[in-house]
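In: Prediction below, plus the sequence it came from.
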Amino acid sequence: MEEWINSKGESILRDYGIKSGQNILDFGCGSGVYSIIASKIVGDKGKIYALDYDENPLEELSDKIKNQNISNIEIIKTSKEISVPLNSNSIDVVLMYDVYHLLDKDERVNLLNEIYRILKINYVILSYFAIHIGSYGIQLNKVQILIKKTGFELIEQFKRPMFHWSWIEEAIVLNYRKVEKK
Ligand SMILES: C[S@@+](CC[C@H](N)C(=O)[O-])C[C@H]1O[C@@H](n2cnc3c(N)ncnc32)[C@H](O)[C@@H]1O
């Protein structure tokens, strides 16, 4: 697992399209496994907005940021209500990793609309780690229909080992780009 977090995870996120200089929202970041990997890729010219409502994992992330001298992660603590305090058309990539299933129906719609608002147009990504399929009311075809209806177009689908809780498992990641609404 250490090896995945310290090296393999980085090459996988690069494959998903994360690049130097990008601004990234990690929605439901938890203790920041993905935020920290992404922060190494985006470097000094990029920024990671690590958003969660739960204080405990955010405190853990805050300690990691201090201990590892990371300067490009900004923690955003919300009230759990779906509202993303970032400017419209300002973000290159949103990571929606292992969080969508925890939201109710209205929250899923609100979150996708907020993500649509903050992402820049065209080749910017909503990267969805499709997990818990068959539970939490998650049917992949229905999730895909809702994402498409919000204004996104599927660009790539991956099957790679991903960090989930405290283990690594083969998982599906779907990347979408924001398209202009007519
Ligand atoms: C299973 S953890 C995943 C953490 C991280 N994304 C990862 O893949 O390792 C889900 C996280 O989503 C957060 N979360 C759930 N609902 C949320 C909401 N409405 N707003 C912000 N964060 C939320 C939880 O607090 C939790 O930290």
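Out: Cool, got the structure.
In: Then Phe163 would be within a strand, right?
Out: Yes: assessed by DSSP: H, G, I helix; E, B strand; the rest coil, Phe163 belongs to a strand.
In: Name the nearest residue to it, ignoring sequence neighbours.
Out: Val33 (5.3 Å; CB to CB, 6 or more residues apart in numbering). C-beta here means a position set from N, CA and C on the backbone, and glycine is covered the same way.
In: Repeat that for Leu86.
Out: Using CB to CB, 6+ apart, the nearest residue to Leu86 is Ile118, at 4.8 Å.
In: Can you check the pLDDT for the most centrally placed residue in the chain?
Out: The residue lying closest to the centre of the chain (CA atoms, centre = their mean) is Leu95, at 1.2 Å. Reported pLDDT at Leu95 in the predicted model: 98.
In: Skipping its backbone neighbours, what lies nearest it in space?
Out: Asp26 (4.6 Å).
In: cool, and Met96?
Out: Tyr128 (4.9 Å).
In: these two touch, right, Glu10 and Ile36?
Out: No: the criterion here is CB atoms under 8 Å, and Glu10 misses it with Ile36 at 9.9 Å.
In: Strands of the protein, start to end?
Out: 23-27, 47-52, 73-77, 93-97, 122-130, 152-164, 167-178 (DSSP state E).
In: ok so, going back, quick one: the residue nearest to the centre of the chain and Phe27 touch, right?
Out: Yes: contact criterion CB under 8 Å: Leu95 and Phe27 qualify, at 6.7 Å.
In: Quick check: residues of this protein near the ligand?
Out: By CB under 6 Å from any ligand atom, the part of the chain that sits against the ligand consists of 28-30, 33-34, 51-54, 57, 78, 80, 82, 97-99, 102-103.
In: change it to 8 Å
Out: When proximity is defined as CB under 8 Å from any ligand atom, the chain approaches the ligand at 26-34, 51-54, 57, 78, 80-82, 95, 97-99, 102-103, 107, 111, 129, 162-165.
In: Show me which of those are buried.
Out: 26-34, 51-52, 57, 82, 95, 97-99, 103, 111, 129, 162-164 (16 or more other CB atoms under 10 Å).
In: which of the residues in stretch 81-94 are buried?
Out: 82, 84, 86, 91-94.
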